[in-house]
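> With the input below, show me the fold.
(one chain, ligands or ions: 1)
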Amino acid sequence: MTFVNAKEWLSGRALQTKLFINGEFVDGLKGETIPVLNPYDNSRICDIAAADADDVDLAVAAAKDAFPAWSRMDPSDRGHLLLKLADAIEANAEELIVLEAIDTGHPVRDARKLDLPRTARCYRYFGGMSDKYEGFLPPVYPGFLNYVQREPIGVVGQIVPWNFPLMFTSWKMGPALAAGNTLVIKPSELTPLSTLRIAELMREVGFPKGVVNVVPGYGQTAGARLANHPDVKKIAFTGSTATGRRIVEASAGNLKKVQLELGGKGPNIIFEDANIAAAVGGSAWAIFHNQGQACIAGSRILVHEKVMDAFVEKFSALAKSIRLGNPLDPQTEMGPLTSKQHQERVLYYADVARQEGGEIITGGKTPASDELASGCFVEPTIVRAKASDRVNQEEVFGPFATIMSFKADEEALAAANGVAYGLGSGLWTSNLQRAHRFARDIKAGMVWINSYKVVHPGSPFGGVGESGYGREMGFEAMHEYTQPKSVWVNFDAVVPPHYER
Ligand code: NAD
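This next block holds a predicted model:
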């Protein structure tokens with residue numbers, strides 16, 4: 001791919017900027033808009049319509065009307081639409097890659113290698129799942145047949161953050177639709193563009209109106225209404241732990257089913273018998289990919305004291321060599337953070353580390369380059385800090401790794417488990433017994449052994465503790481988006497239950 005120029009690419013291109021309700025792209029009822037910025041230089045890409053509570057009500061009503069027909073549609077036909085969507089995504093790959101790059105700051109080389117194919121794969125996986133997800137027959141009393149069918153829940157509300165909008169909307173919409181739910185999805189106000197383009201593609205491939213509705217808008221208005229709406233029967237949320245708590249409170253009115261994918265503070269443990277070259281590359285991937293804006297990021301690196309010096313030397317050399325630049329440049333390895341506000345937050349944590357006596361091994365500041373001065377860049381940062389320091393306890397959500405040393409396995413395990421979160425985790429060792437022991441004992445939803453941050457639509461994704469509950473992906477996601485109904489048939493019971501008279 002050649003180096004696309006954002007201004008030229010945008011000139012004369014009609015981006016979709018409206019709300020998608022009941023199969024139509026419409027302005028918000030109040031006519032309010034939100035500016036969408038390119039974090040590379042903070043230039044304005046476009047203004048999008050902002051959904052308010054009344055718009056969400058219309059979207060929920062449309063999804064409610066569409067539910068009976070969609071939920072009773074031949075599951076194979078539902079799945080076929082998801083398969084067609086996956087094809088359409090691949091057919092429009094370059095456009096979606098550029099859109100994601102200018103909206104979020106993802107380097108195109110990552111978007112092409114990961115976001116785009118993972119998105120298509122996810123829709124395809126759940127497209128295939130639609131007519132294969134089965135109920136079951138518990139072996140019950142003689143003379144009774146008991147069958148359990150999995151029913152869709154109804155109208156589902158989905159709220160996604162700004163870090164992987166293209167991919168995360170597929171993780172949410174794929175299983176919800178395959179299971180027969182209709183939905184209203186709220187992308188982040190910062191990064192709504194790929195979701196709106198996907199809505200256009202859904203319309204093109206023939207999704208019936210009202211099945212999917214997209215309401216970009218602010219969390220306090222559109223998000224909050226979705227979370228407390230009485231006709232929304234389930235809310236699936238990905239975002240910060242603080243907002244997750246609000247979602248739980250807001251959902252209490254009608255006792256919605258809640259699924260929460262929240263923050264993380266992933267431990268990444270390097271043992272003395274690790275392949276250091278692999279651990280260095282894998283650890284850099286774990287924390288620096290997508291500028292560290294990943295809930296599963298390996299943000300706390302625990303290194304055995306025997307290999308500490310060798311690891312730090314190679315790891316910091318790699319961090320310093322990462323090419324920061326325009327996400328649209330195919331050579332760029334790290335783009336800007338997604339917003340100015342978030343850049344400030346990450347830089348704030350560098351100050352916190354300094355104040356707490358941490359040693360900034362590299363980074364902790366914006367790059368010196370004039371070319372990058374107007375963007376939301378932060379240099380890859382490595383900080384030596386104590387386990388109890390705030391930078392080792394709070395989610396920074398940036399290209400910001402902490403490093404600590406340990407002597408014994410128990411010490412590493414205690415440090416790994418010494419935070420409120422429990423999402424991603426990794427360990428690097430050649431000792432098979434230790435690897436499995438840690439996999440058993442680590443408090444996390446996912447453990448990567450001699451790798452990090454591998455995901456697949458077939459494998460459950462989610463966390464424990466303050467990282468939330470519920471799982472995306474695989475059969476687990478289908479369970480999340482359905483409810484079991486148990487049906488009892490008396491076909492031969494000699495004495496069915498009855499009152500003696
Ligand atoms: P955020 O919680 O600020 O926002 C997430 C979404 O919630 C946005 O769409 C936002 O508009 C909406 N929102 C905000 N306030 C709301 C409210 N009161 N009611 C309803 N919706 C509201 O999070 P963020 O800053 O966009 O994303 C970063 C966070 O997401 C990090 O903590 C990260 O770890 C987490 N995250 C978790 C996962 C996971 O799978 N566990 C994945 C990615 C990101």
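> In space, not sequence, find me the middle residue of the chain.
What sits nearest the mean C-alpha location of the chain, by CA atoms, centre = their mean, is F168, with 4.5 Å.
> Read off the pLDDT value for that one.
As predicted, F168 sits at a pLDDT of 98.
> contacting residues for it?
Contacts for F168 (CB atoms under 8 Å, 6 or more residues apart in numbering) come out as V160, P161, T238. No exception for glycine: its C-beta is placed from N, CA and C like everyone else's.
> Hmm, A120 and G174 touching each other?
No - G174 lies out of contact with A120 (CB atoms under 8 Å); the separation is 10.5 Å.
> higher neighbour count, the two?
Neighbours were counted for G174 and for A120 using other CB atoms under 10 Å; G174 has more, 29 against 21.
> Okay, and that one sits in which element?
For G174, the host element (DSSP states H and E) is helix 165-178.
> Is that helix in proximity to the ligand?
No - judged by CB under 6 Å from any ligand atom, helix 165-178 and the ligand are separated, with a smallest distance of 6.6 Å.
> What's the mean pLDDT across the helix or strand following that helix?
Downstream of helix 165-178, the first helix or strand assigned by DSSP H and E is strand 182-186. The average pLDDT within strand 182-186 is 98.
> got a pLDDT number for P497?
79.
> SS state for it?
Classification of P497 using DSSP: H, G, I helix; E, B strand; the rest coil returns coil.
> Distance check, the residue nearest to the centre of the chain against D57.
24 Å (CB to CB, to the nearest Å).
> Next: A286.
For A286, the distance to D57 - CB to CB - is 42 Å.
> Comparing the two, which residue is more hemmed in?
Between A286 and D57, counted using other CB under 10 Å, A286 has the larger neighbour count: 26 against 17.
> does the closest residue to the more buried one other than its chain neighbours count as helix, strand or coil?
Nearest residue to A286 in three dimensions, chain neighbours excluded: G298, at 3.0 Å (CB to CB, 6 or more residues apart in numbering). Secondary structure state of G298, per three-state DSSP, is coil.
> isn't G298 right next to Y452, touching?
Yes - contact criterion CB under 8 Å: G298 and Y452 qualify, at 5.2 Å.
> overlap in contacts of the two?
Common contacts of G298 and Y452 (CB under 8 Å, 6+ apart): N268, S283, A286, G424, G426.
> Retrieve the pLDDT associated with the third one.
Here, the pLDDT recorded for A286 equals 98.
> give me the element it is part of.
Residue-wise, A286 maps onto helix 276-288 under DSSP H and E.
> just the angle between the strand or helix carrying L116 and helix 165-178, please?
Taking DSSP H and E as the definition, L116 sits inside helix 116-129. For helix 116-129 against helix 165-178, the angle by axes from the mean of the first three to the mean of the last three CA atoms, to 10 degrees is 0 degrees.
> Residues in contact with the helix or strand immediately after helix 116-129 in the chain: which ones?
Moving toward the C-terminus from helix 116-129, the next helix or strand (DSSP H and E) is strand 144-152. Here strand 144-152 makes contact (CB under 8 Å, 6+ apart) with 67, 71, 133-138, 140, 179-181, 478-479, 481-491, 493.
> ChimeraX command to pick out the buried ones of those?
Of the contacts of strand 144-152, the buried ones can be selected in ChimeraX as follows, counting by 16 or more other CB atoms under 10 Å:
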select :67,71,133,179,180,181,478,479,481,482,483
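> which ones among the contacts of strand 144-152 come in contact with the ligand?
Near the ligand, by the rule CB under 6 Å from any ligand atom, you find none of the contacts of strand 144-152.
> Report all helices and strands that the helix holding L116 contacts.
Counting contacts by 3 or more CB pairs under 8 Å, 6 or more residues apart in numbering; DSSP states H and E, helix 116-129 packs against helix 75-91, helix 93-104, helix 165-178.
> So which elements touch whichever helix or strand comes after the shortest one?
Pointing back at helix 93-104 there. Next helix or strand after helix 93-104 toward the C-terminus (DSSP H and E): helix 108-110. When contacts are defined as 3+ CB pairs under 8 Å, 6+ apart, helix 108-110 sits against helix 93-104.
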